[in-house]
Each structure stands twice: as structure tokens, then as C-alpha cells.
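Q: show me how the following folds:
(chains A and B, ligands or ions: 2)
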Amino acid sequence: MQQIISLLMENKPGALMRVTGLLSQRGYNIESLTVARTLDPTLSRMTITVDVEPIMRAQVIKQMNKLINVLQAIDVTDGPAVNRELVLVRVRTAQQNRTAVLKEAEIFQARVVDSTLEGFALEVTGDPERLDEFVDVMGSYGEIEITRSGIVSMSLDNKKLRLSPPVPRGAAIEEALELQGAD
Amino acid sequence: MSSNLLSGAKILLNCLARENVECIFGYPGGVTLPLYDALYDHTIKHVLVRHEENAAFAAQGYARATGKVGVCCATSGPGATNLVTGLVDAMMDSIPIVALTGQVSTKLIGSDAFQEADTFGITRPATKHNFLVKNIADLPQVIHEAFYIAATGRPGPVLVDVTKDVFQAQAHYSPVTEIHLPGYKVYSEGHGGQIRRAAQMIWEAERPFVYAGGGVIAGNASRELVSLVEQIDAPAVCTLMGLGAIPAEHKNFISMPGMHGSYAANMGMTHTDLIIALGVRFDDRVTGRLAAFAPHAKVIHVDVDPAEISKNRAADLPIVGDVKRVLPKLSAELQSLAGEMKAKNAAARQAWWRQIRDWREEHPLTAERSETEIKPQHLMAEIDRLSGGRAIVASDVGQHQMWAAQLVRFNEPRLWINSGGLGSMGFGLPAAIGAQFARPDKLVFAVVGDGGFQMSIPELATIAYYGLPIKIVVMNNGYLGMVRQWQELFYNNRLSQVELSCFPDVEKLAGAYGFTGRTVDDVRELAKALEEAVGDAGPYLLNVKVSPFENVFPMVPAGGAINEMVLRPPQPVEA
Ligand SMILES: Cc1ncc(C[n+]2csc(CCOP(=O)(O)OP(=O)(O)O)c2C)c(N)n1
Ligand SMILES: [Mg+2]
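A: Ligands and ions are numbered 1, 2, ... in the order given. I've put the predicted structure just below:
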């Protein structure tokens, strides 16, 4: 089944590789992945859609949270969250279908971003299922080509971001030595 | 302040000194030239191994024997790639090491320069975390972060790849005072409510069973474990990684569970109604067929790593925390409930102990002996006798490892050093080197097979050069024994590529390095030969010719349930 993960991470070199590497290493298939900076330019927000057994969902989140550069990984599959995707569709269509295509586009609140004699390029955002429908409908008018963005998700939950505070350097080592002495 | 201007190489060494690093196991090369130049007159000791893989294994031996972070070092390209097995090995067994590698100069990265390899990419899945340092300003912070990450939480290997220009650049060095890793979560205390519920479950259980693992050793929590076990008077097993967490001679200790575990340990696990799992990961070598594992048991699972909880076996009561901190709290809760609850199941618990004792007596782990040949089990019993539960035994991987785990007693933590999760042949000898550097006061055995030994032969030079009094005991069965065992049992005894001919003459071999080597094949000489090895002040290579076709039992065939052990070789049927 599809699991949607929203991930906040430090924008460090290799951070993306750690996430994708972890997923493939643990045998989870990535269906889509989007990433971009947040308001804080040192952080990125990533939305990942993976195909996993429902029973493994908690495990995936725990593994993500173990990554040092990940500040928070949350499962937004069951909300509360808004999930949106953008799709660009090029449809080649015969002259007599042009109006019908435009009509459909309107129903899906798609925008025409290019128009040629052969057809249109359309842009639409929405939840992924609606986009599937849109793509199906457009496909019925002629040959199509599509590019999908993958899901971007925003959690509507007020899950508090818990960050680790700074620690004095050497604290861990001293603690370890102290513990050893105790043994 | 120009007096404070230091090269990156010197800054790095200063940072290591601030982390109390005593020695580095390493091997130099082109891009680490500036680092080795700085080492030339630095107080930090460098141990020159003969292969980088062994640098990583030696660093692990050091870390496993002490709990301190082990350090290894390699040059770019082949040096770094040679470290990889040792890193993955440390990852699997949660061993804190820091690996330092050189990288080609920043401006050459990506140009397929001489000895360039994508160390950062290659070691991503081999480490708990890794860094690439391309700017000298980041160097001190990164080094201290690396040590912090390696040593805290669930320990593990961290690699720092440093470009040559960073070693050479000059910068003002001001010591780092703070580590800030906002996304790095270390769980230590454990949830109070959960701990209280665990205490209730423990008193309510009729057949409690303690399953302790490497996490107890990593967490330096042996003492706390022993008090818990005594407080609740439960039978306790230690996994391959946990041996020594409870003294082998402790009355509650029931040896090791799993594929080559004892009958009592596996039967106990199968019949318990409450597993108290401490610093373990329900590894497949312990559980056998998961669906049939401990079918009657509830599970209390304490671990620092939340991802281990309910990964393989669902926990009825998870506690995310450091065993060192959780166990005393659990003991306190048990104590406060003892008045009303302890007596409740006393009769059931007595019956449970009787059952455990019966299992133990039915099929004890005993070292077989023969009058005519040296049985491998006999060899382990002799090592055990000389160790008296106090020596460090660094083992390689194979049949000898399993027999040693079954038959050598470990009365303290950090004595039994072996590659558990990855099972890397070639681990034992270099790990013994690291352990002996860490514990010069200890008698250190390297117990290795004739196969694994031949993966480590170059390190005889290291042992000789540093005069390490390691007792290398080769359990020589003439075969890749563990693979031969599987071929015999599961592949119709079609022995394919497992015979090890041309084993070197150890007298000449050790002699070539300037120390003593001896072969023993007469069972009557075994005890004396081992005593002589231990009595020798220097390194010693003892090649023990054992019966070639002995198999390790008990054995749970792959995919079997752990109570379906094969206890002994099929007996010849009399006509
Ligand atoms: C690096 C590596 N290669 C291969 C194996 C597979 N393997 C596991 S045990 C074993 C045989 C080891 O033979 P030996 O060192 O003689 O020990 P024995 O089993 O005979 O005691 C092999 C080949 C391994 N564990 N590690
Ligand atoms: Mg062998």
C-alpha cells in the first residue's frame, strides 16, 4: 500500500542520498519524492510516497527518524494533511475535439499553458486520484504525454517539532567513562 | 594570534587528543601524507597494520574490549574501500569506531583523479553517519560530532572523509565546546509508566525468561542486569553478542539461545510466558522461524533504538531507553510491588526452574573428548580452563566460533569479541590486536579457523613488530568447516570448494616473523601445548589439528523453529 511521509531535514550535502539510500536498502519502493527548501533555507521539506506493507509503516518512520540529518519524519497517509500533486499533460487532438477538451479542462480546473495546432499543454493540481481521472479523460481525446510532480503534502496536525538541544563537547565520553567506572 | 595558526592535519590530531584517543590503527597513502607528517611527532600513537580492513577490525577490537571509541585511518580510493567490511561489521554489531579517510583535493573531486573513490557515497549504508570535509573551518566540529555520534545512543561506526587540501590548509584553531545535532535523538531514560507496567508484568509471569544481548554490553549495564536477574530470580540467556553480560558461572545463566544455542536456552525461550528482552534485536539466528518463536510469550523489550522495537517480533510492552538507566528504575518498581505480588506465583516459578534444570540436565553443553584425536570441543574446553572465565577471546567466524561461544566461559563483559551480525571471516586476529592494545594487562586469545587465519596472515607482522603477546590458536580442521557442515547436512555431502590444502607450516611461519609457532595433533599433548603458549612471554602461534568432520550441535536448521533442534549427529544404526 501507499504510505506518504513528510520529512523535515537539514539541508546538508548527501541528505537526499541518505533518505533514498535508506529506502532502497530496506527494500521499500519509492513511488514519488519531492524536495525543496523551507522558509528556513538551511532546512528542506520532503514528501515521499513509498509502497510498503501496512505493518511496516511504523518501521519506515522510525528508520527515517534515525537519520542524523532528519529533524522529523511523520506519516501523513491517514491525515490530517493536504496532499496535492501537479500534472502537466500534452494532448494531441483532432480539430473537432478542441472545444470538448477545453470543456473538460475547465471541469478539472486545469489551465492551458500552451496551445498549438496539434493540441494543448494543460496544467492541473489536485489530489492524486483526481489527477488520475483527469489523465484518463484526456487520454480519451488522443495521444497524451504527462509529467507528474509527485505528491507534496502538508500536515495539518500540530505535531510539535522536538529538537535535541546542544550538548557540551565531551559530555558523552565523560559519561561513558563514568559509567564504565561504575561497572 | 598567528601562533595559533595550524594545519588541518594538526587540528585533526588535536581534536583526537581532546577525545582522549590513545591510538589509531591505520595505513598511510598519498592524500594522507600531510596527516602522517603531522603524526610523525605527535603524542598520539599510530599502529601500522598490514591491510586497512584489519585497521577497522583492530579499532573494533579496541572498542569492544573497552567501550571507548576505536579509531582507524586509511588513504583515499583503495585505502578507504578496504575499510568497508570493517565498517559494515561495526554497523551490524553496534560498535563505536571513527574511521578517518583521506580524499583527493576538493578541486579534483569528480574528475576521476588518481585514487579518487566516492567514499562518502560508498560508506553511507556502511556507517551510522558519515561526513565529507571540504573546508578546514568545519573540521573540528565534524570530528567531535563524529565521536559523539559513534559513542552515544545505539553506538556505531562514523566515517570522516577529509580532502587533502583541508589537511594542508592553515586555520586558527579554537577548541569546540558544544555539539549541536538537532535531529539526532538519543533516548535514554525510558518511560516511567511503561517501566512500572513492566514490573507488574514481571511479577505476574509464571515462567519469566531474560533474553539479554549486545546492548547490555554496549550500555555497560552488566551489573544492573545481574541485580535484576537476581531480584526476580529468572533464568537468563545471553546472545552471541551478549556473552559475559551475566557471568557464565552465575546460577541463573542458561547459556546462549538460537541456531547453535543450548537445548535449555531454546526450550526456555519456547515455553516462557514472558520474555524480558534487553538490548537485543530478535535476530533470525536467535529466533529461528519467527512465526514459531516463543509462541506463549508476552514480550517486554528495552532498547535504545526505537527502530529495533517491534521490528521482528511485536513487543507487548516497549521501553525505549538505555538499559543502564532503565534497569535500576525497573528494579525499584519491582521492589515496590514485591510485597504484594512476589509471592503470588512462587509455586509456578519453582516449577519453571525445575523444568529448566531438567532441560539442562537432559542435554547439557558438554565438551566431547576422544582418546585418539583432538575434538574441537576439547580444544575449547582447554582454552576455557586456561582462561578461567577471565581471558579475552577474540574469535573468527565459523565452527570454532560457535564451539567457543558454547564452551568457553566469560565471567565479565567485553571478554568475548566476535563478529556476530556480519560474520566476517578475517575478524578474529586483527580484533585481538586491537583488544591487546586496549588491555595490555589481559591474556588475549585469538581463536581462529584455518580458513579465517589465512585471511589475516599479514597481521602476524603487526603482532611481531609490536611484540603483542597474543595467543593465536588455530582450530585446524582442514576445512572451511562451517560451510562443509552445511554441505554435509543439506547438500548430500557434496563437498564443494571447502577443503583447505597447503596450510603453512606454522613453526616456519611464526619463525619467519621471529616468534614461536607449534603444531599439535596428539591429544595427549594438547593441554601442555596450550599451557606452553600461555606461558610464553611473547606472541605464540598454536596450530591445533582437530578432527576434521566434527559438526556443531545443537543445530536449528535454517528456517526451523528453535525447539526443533538437531541435538547430535545421526548415530550409525546397528544391524
Ligand atoms: C569473509 C567471509 N567469507 C565467507 C564467509 C562464509 N563462511 C562462513 S564460515 C566459513 C568457514 C570458515 O572456515 P574456517 O575459518 O576454517 O573455520 P571453521 O568453520 O572450520 O571453524 C565460511 C567460508 C564468511 N563468513 N566471511
Ligand atoms: Mg576450518
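
Q: please, where are all the strands along the stretch 151-300 of chain B?
A: Residue ranges of the strands in the stretch 151-300 of chain B, as given by DSSP state E, counting those that start in this stretch, are B:157-163, B:170-172, B:178-179, B:208-212, B:236-238, B:274-278, B:298-303.

Q: how far away is whatever residue of chain A ends up closest to ligand 2 from chain B?
A: With distances taken as C-beta to the ion, chain A approaches ligand 2 most closely at residue A:25, which sits 32.1 Å away. Any C-beta I mention is one placed from the backbone N, CA and C, and that applies to glycine too. Using C-beta to the nearest C-beta, to the nearest Å, one obtains 5 Å as the distance from residue A:25 to chain B.

Q: what's around that residue, how many residues?
A: Residue A:25 sits with 11 neighbouring residues when counted by other C-beta atoms under 10 Å in any protein chain shown.

Q: same check on residue B:249?
A: There are 11 residues near residue B:249, going by other C-beta under 10 Å.

Q: could you list the domains of chain A?
A: Following automatic domain parsing, chain A resolves into domains at A:2-80, A:82-152.

Q: can you give me the helices in the stretch 201-350 of chain B?
A: B:214-218, B:222-232, B:263-271, B:284-287, B:323-341, B:346-362 (DSSP state H, counting those that start in this stretch).

Q: closest one to residue B:453 among these?
A: In terms of C-beta to C-beta, the element of the helices of the stretch 201-350 of chain B nearest to residue B:453 is helix B:284-287, at 23.2 Å.

Q: and the helices of the stretch 201-350 of chain B, which is most packed in?
A: helix B:214-218 (a mean of 28; mean count of other C-beta atoms under 10 Å in any protein chain shown).

Q: so which residues on the stretch 151-300 of chain B come close to chain A?
A: By the rule C-beta under 8 Å from any C-beta of the partner chain, the part of the stretch 151-300 of chain B lying against chain A is B:151-152, B:175-186, B:219-220, B:222-223.

Q: which of these come close to ligand 1?
A: Restricting these to those within reach of ligand 1 (C-beta under 6 Å from any ligand atom) leaves nothing.

Q: in chain A, where is pLDDT below threshold?
A: Within chain A, the segments meeting pLDDT under 70 span A:171-183.

Q: in the longest strand seen in it, what's buried?
A: Using DSSP state E to define each element, chain A has its longest strand at strand A:81-92. Within strand A:81-92, the residues that count as buried by 16 or more other C-beta atoms under 10 Å in any protein chain shown are A:81, A:83-91.

Q: and what of stretch B:522-541?
A: B:523, B:526, B:529-530, B:533-534, B:539-541.

Q: so residue B:280 makes contact with residue B:211?
A: Yes: under the criterion of C-beta atoms under 8 Å, residue B:280 makes contact with residue B:211 at 5.6 Å.

Q: mutual contacts of these two, please.
A: Common neighbours of residue B:280 and residue B:211 are listed as B:239, B:286 (criterion: C-beta atoms under 8 Å, 6 or more residues apart in numbering or on different chains).

Q: now the helices for the stretch 51-200 of chain B?
A: For the stretch 51-200 of chain B, the helices defined by DSSP H, counting those that start in this stretch occupy B:52-66, B:78-93, B:119-122, B:139-151, B:164-168, B:192-204.

Q: the third one and chain A, any residue contact?
A: Yes: Helix B:119-122 lies within reach of chain A by C-beta under 8 Å from any C-beta, at B:120-121.

Q: OK, contacts around residue B:384?
A: Applying C-beta under 8 Å, 6+ apart, the residues near residue B:384 are B:407-409.

Q: for the spatially most central residue of chain A, which three-state class applies?
A: In chain A, the residue lying closest to the centroid (C-alpha atoms, centre = their mean) is residue A:47, at 2.4 Å. Assigned with DSSP: H, G, I helix; E, B strand; the rest coil, residue A:47 falls in the strand class.

Q: return the set of residues that bridge with it.
A: Beta-bridge partners for residue A:47, by DSSP bridges, are residue A:6, residue A:34.

Q: I'd say it and residue A:155 touch.
A: No: judged on C-beta under 8 Å, residue A:47 makes no contact with residue A:155 at a distance of 10.1 Å.

Q: overlap in contacts, the two.
A: Common neighbours of residue A:47 and residue A:155, using C-beta under 8 Å, 6+ apart, are residue A:6.

Q: what residues are up against the residue positioned nearest the centre of chain B?
A: What sits nearest the mean C-alpha location of chain B, by C-alpha atoms, centre = their mean, is residue B:418, with 4.2 Å. Residues in contact with residue B:418 (C-beta under 8 Å, 6+ apart) are B:240, B:394-397, B:401, B:404-405, B:427-428, B:431.

Q: coming back round to it: give the closest residue to the residue of chain A closest to ligand 2 in space, chain neighbours not counted.
A: Leaving aside its sequence neighbours, residue A:25 sits nearest to residue B:125 (C-beta to C-beta, 6 or more residues apart in numbering or on different chains; 5.2 Å).

Q: report the contact partners of the one you found.
A: When contacts are counted by C-beta under 8 Å, 6+ apart, residue B:125 touches A:21-22, A:25.

Q: which parts of chain A are helices?
A: Using DSSP state H, the helices found in chain A span residues A:15-25, A:57-66, A:98-107, A:128-139, A:171-182.

Q: pick the most deeply packed of these.
A: Of those, helix A:57-66 is the most buried (mean count of other C-beta under 10 Å), at a mean of 19.

Q: residues contacting it, please?
A: Identification of contacts with helix A:57-66 by C-beta under 8 Å, 6+ apart yields A:3, A:5, A:7, A:19, A:22-23, A:26, A:28, A:50, A:52, A:70, A:72-75, A:77, B:185, B:305-307, B:310-311.
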